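Visitor: here is the input, now give the coordinates:
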Amino acid sequence: MCRGLTIVTFVVFFVFYLEQALFVETYREGAAHATQTNYGALVGESAPNITSLFVAIAFQANLLLPGVDPLSVVNVTAVWTQEYPLPEHPFCELKRDTTFDLRDRITLTAICPVIDDYVHGGPIQCDGSSPYDPCWPDMIITFDYSVLGTSAGTKGPSSATVGLGFGTEMPVDIMGTYPPVTLLNNLHLTASYTMNIRRTFNNNVQSFLGIFQAYRTFGVADIVIYGDNLDPSTPHKSNTSSLLLFQLYDTSAVRIVQDISANSFLRGLSNVGGLYTTANATFLFVFGFGLVKLLSLDRFSLFRGMKRHDKSTEQGAEKQE
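Guide: Just a heads-up that it's a prediction; the model follows:
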């Protein structure tokens, strides 16, 4: 009776733990991986190749009036510093994105090239060692609500959202990593941006199993709103909104957020193995036999039949003698 109760209790507990360790937490992490945050600098192969800033703008598709080109709703302008002699002043390229399915919203992207470095004619401050890089532009993002429906921009769901990053041309990397800025109608804002690093797993299957893998590395911006844009050179037309983004003079270390395999399949097996080993050692110490004997699992041994055959052969030989 005691043995049966012990077996039932252990099996129930073991199955529950097995299910929790191997499946529940893993599926929970399917939508949001566990991450760790540290501060420092990425160098060598782990550093993203920064050739441009990437702006993602999304708004409701049903607000767009018939026959209106979505590209006419948004304008993204790169603003270059006048304090340093720059070899060029690249423009931002605006296009419609079809890779990011965000329910019923239209997504536009703008690629704003940065000047490579001081070797290509830029000032020495472009070498990346300064808290301010003049080879990265400021930006003015303007959204024209006059070509949308009458209710556009009056509330959050009907307003445009803006995200900023680098090292990627996929809006999901930006919109799915950090909360975007909402541009309400007739609101003209001034904000700063600082870049941080996001490192995500390349392969979801390897992430599930807990196998070592490479990361995708890209940048995502922290955007801090300071208030209304009082610059008279920025147009403040009716039924429009704008966001002036300037590069913050930032002396702090770069924040790096990367995925970790906190609850992978292999880690679950490791936890289950540790639980079994602990329970087995406890039974050996208290009762003098392990869980295999207690649960009568030895009868399922692959070589048990061979052992019985050898034993019966020996017994037969003894009888003949």
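
Visitor: show me this structure divided up by domain.
Guide: 2-26+264-320, 35-259 (automatic domain parsing).

Visitor: list the buried residues for stretch 233-243?
Guide: Residues of stretch 233-243 classed as buried: 234, 240, 241, 242, 243 (neighbour count, 16 or more other CB atoms under 10 Å). For glycine as for every other residue, the C-beta is placed from the backbone atoms N, C-alpha and C.

Visitor: mind checking which of the residues you listed are in strands?
Guide: Among the buried residues of stretch 233-243, the residues falling in strands (DSSP state E) are 240, 241, 242, 243.

Visitor: how far away is the nearest residue to the last one once chain neighbours are set aside from residue 108?
Guide: Spelled out, that is residue 243. In space, residue 243 comes closest to residue 141 once its chain neighbours are excluded; the distance is 4.6 Å by CB to CB, 6 or more residues apart in numbering. From residue 141 across to residue 108, the span is 10 Å (CB to CB, to the nearest Å).

Visitor: same question for residue 85.
Guide: Residue 85 sits 33 Å away from residue 108, taking CB to CB as the criterion.

Visitor: the more surrounded of these two?
Guide: Comparing residue 85 with residue 108 by other CB atoms under 10 Å, the one with more neighbours is residue 108, at 21 against 10.

Visitor: go ahead and confirm the more buried one touches residue 61.
Guide: No: with contact defined as CB atoms under 8 Å, residue 108 and residue 61 do not form a contacting pair (11.5 Å).

Visitor: follow-up on the earlier one: the domains of the chain: lowest mean pLDDT?
Guide: Between the domains of the chain, the one with the least mean pLDDT is domain 2-26+264-320; it has a mean of 62.

Visitor: secondary structure element for residue 224, which one?
Guide: If you go by DSSP states H and E, residue 224 is part of strand 215-228.

Visitor: just give the nearest non-adjacent residue to residue 40, would you?
Guide: Distance criterion CB to CB, 6+ apart; nearest residue to residue 40, sequence neighbours excluded, is residue 253 at 5.7 Å.

Visitor: quick check: the gap between residue 179 and residue 288.
Guide: Distance, residue 179 to residue 288, by CB to CB: 60 Å.

Visitor: what do you get for residue 246?
Guide: Residue 246 is 75 Å from residue 288, by CB to CB.

Visitor: neighbour-wise, which of the two wins?
Guide: With neighbours defined as other CB under 10 Å, residue 246 and residue 288 compare such that residue 246 has more, 16 against 8.

Visitor: could you verify my assumption that the more buried one touches residue 138?
Guide: Yes: the pair residue 246 / residue 138 is scored as a contact, 4.4 Å apart, by CB under 8 Å.

Visitor: give me the common contacts of these two.
Guide: Common contacts of residue 246 and residue 138, defined by CB atoms under 8 Å, 6 or more residues apart in numbering, comprise residue 79.

Visitor: if we can go back for a sec, hang on, the residue nearest to residue 243 in a helix?
Guide: No: read with DSSP: H, G, I helix; E, B strand; the rest coil, residue 141 is strand and lies in no helix.

Visitor: who does it bridge with?
Guide: Beta bridges link residue 141 to residue 76, residue 243 when assigned by DSSP bridges.

Visitor: for it, list the residues it contacts.
Guide: Residues in contact with residue 141, defined by CB under 8 Å, 6+ apart, are 55, 57, 74, 75, 76, 110, 162, 183, 242, 243, 245.

Visitor: okay, and residue 283 sits in which element?
Guide: Element membership of residue 283, judged by DSSP H and E, is helix 265-287.

Visitor: next: residue 172.
Guide: Using DSSP H and E, residue 172 falls in helix 171-175.

Visitor: what sits up against that helix?
Guide: Contacts of helix 171-175 (CB under 8 Å, 6+ apart): 54, 56, 58, 97, 99-100, 102, 107, 109, 161, 163-165, 168, 180, 198, 200, 218, 220.

Visitor: now the strand holding residue 224: buried residues?
Guide: For strand 215-228, a neighbour-count test (16+ other CB under 10 Å) marks 216, 217, 218, 219, 220, 221, 223 as buried.

Visitor: which one of those sits closest to residue 145?
Guide: residue 223 (20.3 Å; CB to CB).

Visitor: could you double-check that that closest one lies in contact with residue 182?
Guide: No: using CB under 8 Å, residue 223 makes no contact with residue 182, being 10.9 Å away.

Visitor: what's the spacing between the residue nearest to residue 55 when sequence neighbours are not counted and residue 142?
Guide: Once flanking residues are discounted, residue 55 sits nearest to residue 110: 4.1 Å by CB to CB, 6+ apart. From residue 110 across to residue 142, the span is 11 Å (CB to CB).

Visitor: next: residue 74.
Guide: Residue 74 is 7 Å from residue 142, by CB to CB.

Visitor: now residue 82
Guide: In this view, residue 82 and residue 142 are 21 Å apart by CB to CB.

Visitor: and these two? which has more neighbours close in?
Guide: residue 142 (19 against 8).
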